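Undergrad: sequence unknown, structure follows:
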């Protein structure tokens, strides 16, 4: 029975990484051109990419650990379609992890605007403002760390239940 859990965890790890990298690439598409100079990345772009990746992976780590817990619960209630249930749960938890990451991104943006004023990322990249992207990356990582317990709580609410048979 542990093979089902192992298969699901081995598939969710790389899939969540690919999903996260695709989302980050989509988020950084506007500043990508300004982030390259003579085929070299600017330090601000590298810092911002690293901050997005680290914060996203912290959130996906929380989701993946809850997928492992859900797999244990589903194995105890082993039915005919355990792999289907595991797949549905894994997709749901990874999707909520991505939504949570986007929420952290929006909160970091709001706090960056509140602290530093309204600035356009494209212009800051052209100017080479590394500290702006450092501050934004640190805020992203901080929000990911602070909001991961909240995600764990939401995922526990969505965790499959255990039906206990009482014997008289």
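TA: Received it, and whenever you're ready, just let me know what you need. Computed from a prediction, not measured in an experiment: that's the story for all the values here.
Undergrad: middle-most residue in this protein, spatially?
TA: The structure's the chain has its C-alpha centroid closest to residue 56; by C-alpha atoms, centre = their mean the separation is 3.5 Å.
Undergrad: got a list of what it touches?
TA: 20, 23-24, 101, 144 (C-beta atoms under 8 Å, 6 or more residues apart in numbering). Bear in mind the C-beta positions are built from the backbone N, C-alpha and C, glycine included.
Undergrad: 7 Å - rerun?
TA: For residue 56, the contact set (C-beta atoms under 7 Å, 6 or more residues apart in numbering) comprises 20, 24, 101.
Undergrad: The last one reaches residue 58, doesn't it?
TA: No. With contact taken as C-beta atoms under 7 Å, residue 101 and residue 58 are classed as non-touching, separated by 9.0 Å.
Undergrad: more neighbours, the two?
TA: residue 101 (28 against 20; other C-beta atoms under 10 Å).
Undergrad: quick one: which helix or strand includes that one?
TA: Per DSSP states H and E, residue 101 falls inside helix 82-116.
Undergrad: Check which helices and strands that helix sits against.
TA: On a contact count with 3 or more C-beta pairs under 7 Å, 6 or more residues apart in numbering; DSSP states H and E, helix 82-116 meets helix 2-27, helix 43-76, helix 130-157.
Undergrad: what angle sits between the last one and helix 43-76?
TA: Spelled out, it's helix 130-157. Angle, helix 130-157 to helix 43-76, by axes from the mean of the first three to the mean of the last three C-alpha atoms, to 10 degrees: 10 degrees.
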